[in-house]
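Asks: Need a 3D model of the following:
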Amino acid sequence: MLDDRVYVCEPHGEPLRETRDALDLLGEAFGRGASWVAVPAGRLHDDFFALRTGVAGEIAQKFVNYRVGLAVVGDISRFTAASSALRDWVFESNRGEHIWFVGDLEELAARLPAREDPASRP
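Replies: From the prediction side, this is the model:
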């Protein structure tokens, strides 16, 4: 189960494509005290998955700059099957700490480090 560290973006709505869309999500995350944003893959515009457009890079850079994790949640296999560059970026991103591509929210929850309980400190 996810905790309050993750702001889960609504699955329905306008596709996210612009830098301002990323900034809106970051604002929501900061307002809720979240350190991660989970975005359903279906909410991302197809341009996000076409690396040549630069959309993914712009959005990812905003999250990295503001030190908020971005998790793309859902099946993106139709995009990775069509692009070895995207497949490589997903692989490398999943090895890092800021941008992850996960199948579902349970996978995201399992990847997040356990929250330290302040009561357990000496």
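Asks: And the helices in this structure?
Replies: Along the chain, counting by DSSP state H, helices occupy 19-32, 46-49, 55-65, 77-82, 84-95, 105-111.
Asks: Tell me how far the residue lying closest to S35 once chain neighbours are set aside lies from H98.
Replies: Once its chain neighbours are removed from consideration, S35 has its nearest residue in R5; the separation is 4.9 Å (Cβ to Cβ, 6 or more residues apart in numbering). C-beta: built from backbone N, CA, C; applies to glycine. Here R5 is placed at a distance of 14 Å from H98 (Cβ to Cβ, to the nearest Å).
Asks: Equivalent analysis for L23, please.
Replies: Relative to H98, L23 is positioned 16 Å away (Cβ to Cβ).
Asks: Check V64 too.
Replies: For V64, the distance to H98 (Cβ to Cβ) stands at 5 Å.
Asks: Kindly report the same for G33.
Replies: Distance check for G33 against H98: by Cβ to Cβ, it reads 18 Å.
Asks: Settle it for me: which of those two has more neighbours?
Replies: For G33 versus H98, neighbours defined as other Cβ atoms under 10 Å are more numerous around H98 (14 against 9).
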